[in-house]
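Q: Let me see the structure of the following:
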Amino acid sequence: MQVLGIAGAPDSGQTRLAERLIERCGADARVATVTHGPHSPNVTEPEADIARHRAAGAAETVSLTDDGEWVAAGSSRTLTDTLDALAPDYDYAFVEGHGDAAIPKVVLGDREAADPVLARFDDGENADLDAILAALDERDPYVTLETLVEAVKRDPDEDRAGAIATFTGRVRAKDGPEDPRTEFLEFERYDGVAQERMADLRATLEARDGVHAVRLHHKTGVVEASEDIVFVVVLAGHRTEAFSAVEDGIDRLKAEVPLFKKEVTVDGEFWAHERDG
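A: You can find the predicted model right below:
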């Protein structure tokens, strides 16, 4: 799923840009949207953001409030929780009003917003959709463990598979009780080479006897403490082949794929090649 934030002042046309993007993408893809506000919206009011998203063709609309209420389900959710829930089912998620979130975004007017910013425009009515979508397509998709599990389940050989094994690496806040707390990690990769080596590793693992499908994903950019970093998913005939391929997959990914990380703790920050545990 590709995720795009839209940040702007109330009169900058945030919702109009969301409508235009939904209409453009919704003809060929499944689109969900997320809005943000201080209180639960009146979703039956035609001028409400969430109602306009639905009218434009969004297959699912979610509104998050300042206190974390998830209007669509009536329970507390963060933006990450919400995107994780949407990712397996949608091709695009357009997020309106979460300017501080660390997701790719378009900024309208003179609004301050957190990186990464893909483009800036004066207003949503005149924003260049082609430029926005081209920039978004160059970004990594929003991937969760569930999206990768669902992907291997669609493999043509899934009827001969009796096991799915997975590995999830996450940001640990501390190695020991006295260590300074890690606030976040930031990952960069050697583009082109990293993707090629990841593809080679996947092909090598899938060539093993008893292994039917493999998916690997390592996030780039900022990943906060306790969030997931890397996934390895293996569909295999039996658990022995599945577990072995998962272990080799994560070991070789860390050893062979050129990824670099910056660790930011409460005491400072440093860059280190992504080869340690």
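
Q: Quick one: the helices in the stretch 151-277 of the chain, in order.
A: Applying DSSP state H, counting those that start in this stretch to the stretch 151-277 of the chain gives helices spanning 193-206, 239-256.

Q: no wait, the stretch 1-150 of the chain
A: 14-25, 49-56, 79-86, 129-137, 145-153.

Q: so which of these comes closest to Phe94?
A: Distance to Phe94, taken as C-beta to C-beta, is lowest for helix 14-25 among those, at 5.2 Å. Every residue, glycine included, has its C-beta placed from N, CA and C.

Q: Contacts for the closest one, please.
A: Helix 14-25 has contacts (C-beta atoms under 8 Å, 6 or more residues apart in numbering) with 4, 6-8, 31, 33, 49, 52-53, 55-58, 91-92, 94, 96-97, 106, 108, 123-125, 127, 129, 132-133.

Q: ok, 7 Å please
A: 6, 8, 31, 33, 49, 52-53, 56-58, 92, 94, 96-97, 106, 108, 124-125, 127, 129 (C-beta atoms under 7 Å, 6 or more residues apart in numbering).

Q: Stretch 151-165 too?
A: 149, 212-213, 215, 233-239, 242-243, 246.

Q: How about stretch 238-246?
A: Residues contacting stretch 238-246 (C-beta under 7 Å, 6+ apart): 162-167, 205, 208, 210-211, 214, 232, 234, 236.

Q: could I get the helices of the stretch 151-277 of the chain as TSV with mean pLDDT, distance to Glu23 and mean neighbour count?
A: Output for the helices of the stretch 151-277 of the chain, formatted as TSV (pLDDT from 0 to 100; distance: least, C-beta to C-beta, whole Å; neighbours: other C-beta atoms under 10 Å):
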stretch	mean pLDDT	distance to Glu23	mean neighbour count
helix 193-206	96	32	16
helix 239-256	97	39	17
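
Q: got those helices as JSON lines, with distance to Ala113 columns?
A: As requested, the helices of the stretch 151-277 of the chain are exported to JSON lines (distance: least, C-beta to C-beta, whole Å):
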{"stretch": "helix 193-206", "distance to Ala113": "27"}
{"stretch": "helix 239-256", "distance to Ala113": "32"}
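
Q: Out of those, flag the one nearest Pro141.
A: helix 193-206 (12.8 Å).

Q: Relative to the whole chain's centre, how far out is that closest one?
A: Distance of helix 193-206 from its chain centroid, counting by C-alpha atoms, centre = their mean, to the nearest Å, is 21 Å.

Q: try stretch 1-17
A: 18 Å.

Q: what's the first-to-last distance across that stretch?
A: 19 Å (C-alpha to C-alpha, to the nearest Å).

Q: Report the buried residues of it.
A: 1-8, 12-17 (16 or more other C-beta atoms under 10 Å).

Q: So for it, mean pLDDT?
A: Across stretch 1-17, pLDDT averages out at 93.

Q: swap in stretch 127-145?
A: 95.

Q: Restricting to C-alpha, output it in CSV.
A: Presented in CSV, the C-alpha positions along stretch 127-145 are these (Å, rounded to 0.1, in the frame of the first residue of the first chain):
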residue,chain,number,x,y,z
ALA,A,127,-1.8,20.7,-7.2
ASP,A,128,-0.2,18.6,-9.9
LEU,A,129,-1.6,15.0,-9.5
ASP,A,130,0.8,13.5,-12.0
ALA,A,131,3.8,14.9,-10.2
ILE,A,132,2.5,13.8,-6.8
LEU,A,133,1.8,10.2,-7.9
ALA,A,134,5.1,10.0,-9.8
ALA,A,135,7.0,11.0,-6.6
LEU,A,136,4.9,8.6,-4.5
ASP,A,137,5.6,5.7,-6.8
GLU,A,138,9.3,6.2,-6.2
ARG,A,139,8.8,5.6,-2.5
ASP,A,140,8.7,2.2,-0.8
PRO,A,141,5.2,1.0,-0.1
TYR,A,142,3.8,0.7,3.4
VAL,A,143,4.4,-3.0,4.3
THR,A,144,3.3,-4.9,7.3
LEU,A,145,3.9,-8.6,8.3
